[in-house]
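Mind looking at a prediction? Sequence and model below.
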Amino acid sequence: MGRSQGLEVLIRATQRARQRGVDVRTRIVGHGADVRRLVALNEALGSPVELLPHVAADEVFGHYTWADTTVVSLRDWEPFQWTVPSKLYELMATGKHVTAAVAGEAAELVRQSCSGDVVAPGDVEGIAELWVQLAADRARVASRDGGRSWVAANVDYDVIAKRYLQVIQEALANFTAARHPRS
């Protein structure tokens, strides 16, 4: 529940979807710098969202199972154009529909893998409308193999670690060569 996620948008979107007659039940689980502000907003809006404290790692999947759609959200900040949150990979691996309130690379990944639907970061009305549509067309939240397949093919931590080490070694070699040119 950090500031970079912009989770207040989910509280407001839940309220808007409910105002449109859809019984949306939203659960936000975790902790972080924005908890107090989110609790205050949620209470001010009549507590449309269930805010739960951090849970042990072995309890997280139960929350994913409960959900019809999972959410990854980032604020509309330029650096997030190049950010793919690790949480997105985790959600894609579950096979659950992803409501992605992201832009840039993360948005493109969701689209290409057919993992869910993309809404502009911070777009309360867009998220509410998406959830209204998902409630009306339950087939859209069916299990998805695209995200699972993409993660299986692209997120191998041993391969990523080896590639990262190669990049660091190449950068160090280039740095060393630039500081100590051969005569």
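It's in.

Please, which helix or strand holds the closest residue in space to V124 that isn't next to it in sequence?
Leaving aside its chain neighbours, V124 sits nearest to R12 (4.5 Å; criterion: Cβ to Cβ, 6 or more residues apart in numbering). The way it works is simple: take the backbone N, C-alpha and C, and place the C-beta from them, glycine included. Using DSSP states H and E, R12 falls within helix 8-19.

Contacts for that helix, please.
The contact list for helix 8-19 (Cβ atoms under 8 Å, 6 or more residues apart in numbering) reads 24, 26, 28, 34, 37-38, 41-42, 45-46, 48-49, 71, 73, 101, 121-125, 127-128, 131-132, 135.

same question, stretch 150-169
89, 92-93, 109, 112-113, 115.

Now do the contacts for A100.
Contacts for A100 (Cβ under 8 Å, 6+ apart) come out as 71-73, 88, 106-107, 110, 115-119.

Let me know the helix or strand that it is in.
With DSSP H and E as criterion, A100 is part of strand 97-101.

List the neighbouring strands of that strand plus their orientation.
Partners of strand 97-101 in the sheet, by DSSP bridges, are strand 69-73 (parallel), strand 116-119 (parallel).

mind checking which of those is nearest P181?
Of all the strands paired with strand 97-101, strand 69-73 sits nearest to P181, with 46.2 Å by Cβ to Cβ.

ok and that closest one relative to helix 8-19, angle-wise?
140 degrees (axes from the mean of the first three to the mean of the last three Cα atoms, to 10 degrees).

Run the chain-centre distance for strand 69-73.
5 Å (Cα atoms, centre = their mean, to the nearest Å).
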